[in-house]
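**Q** sequence isn't available, so here's the structure alone:
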């Protein structure tokens, strides 16, 4: 095997482990910071230094017990996270020292994987010529894949149709809206705050963006104001709604859908930390009235088509037809808990990334 | 024109009109009984004697103001209803005296229609050789069409898949379950009370039926018992759920769906008389976890394919592969208000029909 520049035996792996299942918003005591020496990779395996971690709304679901599309993170286990890393030692024929890789690295500085572990982590070489480390966690990574396949495969927008996307300035939302624009749709975002809305309008070229946090006119309820915004900016109604948030925004959009509308259920960040029962969409009978469809999607189902999507998205990035915004926190794994809560507070602007080391 | 046996000028048309928009369950004062003389049909029109009326959960929605798939019944207007009638006078080339017809007759004894009115009412000749008057309001009528197209076009069940249907002994449910059995599915009904469940099992040949009104074992909540029933009777999970009821039953089934499950939203009788907001399905994120779909359907969209469905269903009726149960109330239009409320109380057993006259 090859040997990396810093002696492996001098390295320390800092890790964030799940210590307790959170009730509501995760708090400090739900996490445990551990450290252990870094070992040589086993025969057939690799050793990866983690450069950057993706912070995703889905993480909150992974922390809960119960049947879901993926097993929960066990108590005491290193918190699951997607990340970008660099191979620093390899006994695997598919990886060489220096290779940039993406995969489920977990919230830690290093990971030594067996051949089986390489497969389980979905470790794959990536080409940093197509995009930066942070772009590989954004438009070329899971959020980009989610937006691309969720919009095109589930939403199936036609040119000239109206697409509404919530969390418009977020990781998934920015891809959804830009791909929909490229496909010739009218695109209306929903985002929180004027900065996000301005960016979505001016930089990403959406046709409109509704600020759901804006003060409503006197005597008007907030969600009625959002509804008025939809009425104004979607004069032909809503054909596709890509829902990242759930809750009141989903209910409000349901009042404005067209016949045969498609609602992509991608997430429900408004509900993930709820300690009460999830609020179901009380306007769901609009699906009946409008012969409309609400359908869930999980990005992992599209894994064999990622390369095609990455090629197309990377070309659009290169052409300048697609922009990518990341909110990068420079820090260490110890900053993970606080950074994650920034996500749930909606304080991030663009894809939230925790950068651990330079590429 | 031809002349009917009883002189038209001696006939009196009794009608039930909507007097007020109900809050919750319709009450007597929401209705007005009127009568007027019966006139000759205009040039190009027909005069129809109504033989039987269909009582449908959808009627409750028609009584509300607001945008829906069909305009609300106006205050003072004869209540909308599907019915079967007999042509007693005709100045229309497509209809002769004695023809049996189906269409939106309204809650009245007679209707004199212009040529435009014939189209607006969807008046069509029916063949009483294919089924009785009450069967033409059930399996060969709107409920049958709803069940047939909702199941096959939206639910898309494959042979060997598990189909669950609520309101299993009701008009739509009985067609759904029987068609699913014919298509080779495992079929589990949900119905209220042992008589309905027994009938669904023994007469219709469902594989199982869950009585949601049954007393749960001590210490077990009712909906947990329904959930246990689903677990027991759908050992491979639920692939298609045909929902006629909404509410807690929808939420319970959502906990048992399979990957790529299809939920057909046909109605939500549990919610139609709610004076509070409709209860949204709080388990809707199961759609995400299971990449499942919830889709609404309205039977009128399939009008050009009714003949094909009627031919197939009539053949099954004739073969004895399909049974049809109607709960027939013999009476007059004045019995309409009380009979409608029987529907909302779940007291009907089979398709609820108000019979006004012999065929």
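**A** Now that the structure is in, tell me what you want to look at. Owing to the predicted nature of the structure, the values given are computational and were not obtained by experimental measurement.
**Q** what's near enough to touch residue A:298?
**A** If a contact means C-beta atoms under 8 Å, 6 or more residues apart in numbering or on different chains, then residue A:298 has A:69, B:288-289, B:291 as its contacts. C-beta: built from backbone N, CA, C; applies to glycine.
**Q** could you dump those residues to a markdown table with pLDDT and secondary structure?
**A** As requested, those are exported to a markdown table (pLDDT from 0 to 100; DSSP: H, G, I helix; E, B strand; the rest coil):
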| residue | pLDDT | secondary structure |
| --- | --- | --- |
| A:69 | 77 | coil |
| B:288 | 93 | helix |
| B:289 | 91 | helix |
| B:291 | 96 | coil |
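**Q** residue of chain A nearest chain B, please.
**A** For chain A and chain B, the shortest gap (C-beta to the nearest C-beta) falls at residue A:280, measuring 3.0 Å.
**Q** any idea which helix or strand comes after the longest helix seen in chain A?
**A** If each helix of chain A is counted by residues according to DSSP state H, the longest one is helix A:306-319. Once the chain leaves helix A:306-319, the next helix or strand it forms, by DSSP states H and E, is strand A:326-330.
**Q** and residue A:64, how many neighbours?
**A** Residue neighbour count, defined by other C-beta atoms under 10 Å in any protein chain shown, stands at 12 for residue A:64.
**Q** likewise residue A:277?
**A** Each residue near residue A:277 was counted by other C-beta under 10 Å, and the total is 10.
**Q** next one: the lowest-mean-pLDDT helix or strand in chain A, is it in contact with chain B?
**A** Among the helical and strand segments of chain A, the one scoring lowest on mean pLDDT, DSSP states H and E is helix A:58-62, with a mean of 91. No: applying C-beta under 8 Å from any C-beta of the partner chain, one finds that helix A:58-62 is not in contact with chain B, the shortest distance being 8.6 Å.
**Q** coming back round to it: which residue packs closest to the residue of chain A closest to chain B, ignoring adjacent ones?
**A** The shortest distance from residue A:280 to any residue other than its chain neighbours is 3.0 Å, reached at residue B:280 (C-beta to C-beta, 6 or more residues apart in numbering or on different chains).
**Q** the most centrally placed residue in chain A: what's it in contact with?
**A** Closest residue to the average C-alpha location of chain A: residue A:143 at 4.0 Å, with C-alpha atoms, centre = their mean. Taking C-beta under 8 Å, 6+ apart as the contact definition, residue A:143 lies against A:54, A:56, A:137, A:170-172, A:175, A:351.
**Q** let's see it at 7 Å
**A** Shown here is residue A:143, whose contacts under the criterion C-beta atoms under 7 Å, 6 or more residues apart in numbering or on different chains are A:171-172, A:175, A:351.
**Q** one more: residue A:213?
**A** Residue A:213 sits next to A:192-193 when contact means C-beta under 7 Å, 6+ apart.
**Q** model confidence score at it, please.
**A** Per-residue confidence at residue A:213 stands at 91 (pLDDT).
**Q** what's opposite the residue nearest to residue A:194 when sequence neighbours are not counted in the beta bridge?
**A** Take residue A:194 and drop its neighbours on the chain: the residue closest to it by C-beta to C-beta, 6+ apart is residue A:211, 6.0 Å away. According to DSSP bridges, the residues that bridge with residue A:211 are residue A:191.
**Q** and residue A:58, how many neighbours does it have?
**A** Using other C-beta under 10 Å, residue A:58 has 21 neighbouring residues.
**Q** separation between residue A:91 and residue A:84?
**A** Counting by C-beta to C-beta, to the nearest Å, the gap from residue A:91 to residue A:84 is 21 Å.
**Q** my error: substitute residue A:26 in the last question.
**A** Per C-beta to C-beta, residue A:26 is found 23 Å from residue A:84.
**Q** compare these two (neighbour count), which wins?
**A** For residue A:26 versus residue A:84, neighbours defined as other C-beta under 10 Å are more numerous around residue A:84 (28 against 22).
**Q** return the list of strands paired to the helix or strand where that one lies, each annotated with direction.
**A** Secondary structure assigned from DSSP H and E places residue A:84 in strand A:82-90. Each strand paired with strand A:82-90, and its direction, by DSSP bridges: strand A:46-54 (antiparallel), strand A:100-104 (antiparallel).
**Q** what about it, distance to the chain center?
**A** The gap between where strand A:82-90 is centred and where its chain is centred comes out at 20 Å by C-alpha atoms, centre = their mean, to the nearest Å.
**Q** give me the residues contacting it.
**A** By C-beta under 7 Å, 6+ apart, the list of residues contacting strand A:82-90 reads A:1-4, A:8, A:40-41, A:46-54, A:95-102, A:104-105, A:133, A:136-137, A:141-142.
**Q** give me the PyMOL select line for those residues, limited to the buried ones.
**A** Only the buried entries of the contacts of strand A:82-90 go into this PyMOL selection, using 16 or more other C-beta atoms under 10 Å in any protein chain shown:
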select buried, chain A and resi 4+8+41+46+47+48+49+50+51+52+53+54+95+97+99+100+101+102+104+105+133+136+137+141+142
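**Q** closest one to residue A:301 out of the contacts of residue A:298, please.
**A** The nearest member of the contacts of residue A:298 to residue A:301, counting by C-beta to C-beta, is residue B:291 at 6.3 Å.
**Q** so that closest one touches residue A:296, yeah?
**A** Yes: under the criterion of C-beta atoms under 7 Å, residue B:291 lies in contact with residue A:296, with a separation of 5.3 Å.
**Q** neighbour-wise, which of those two wins?
**A** More crowded of residue B:291 and residue A:296, by other C-beta under 10 Å: residue A:296, with 26 against 19.
**Q** which of the residues in stretch A:243-263 are buried?
**A** Neighbour-count burial for stretch A:243-263 flags A:243-254, A:256-258, A:261-263 (criterion: 16+ other C-beta under 10 Å).
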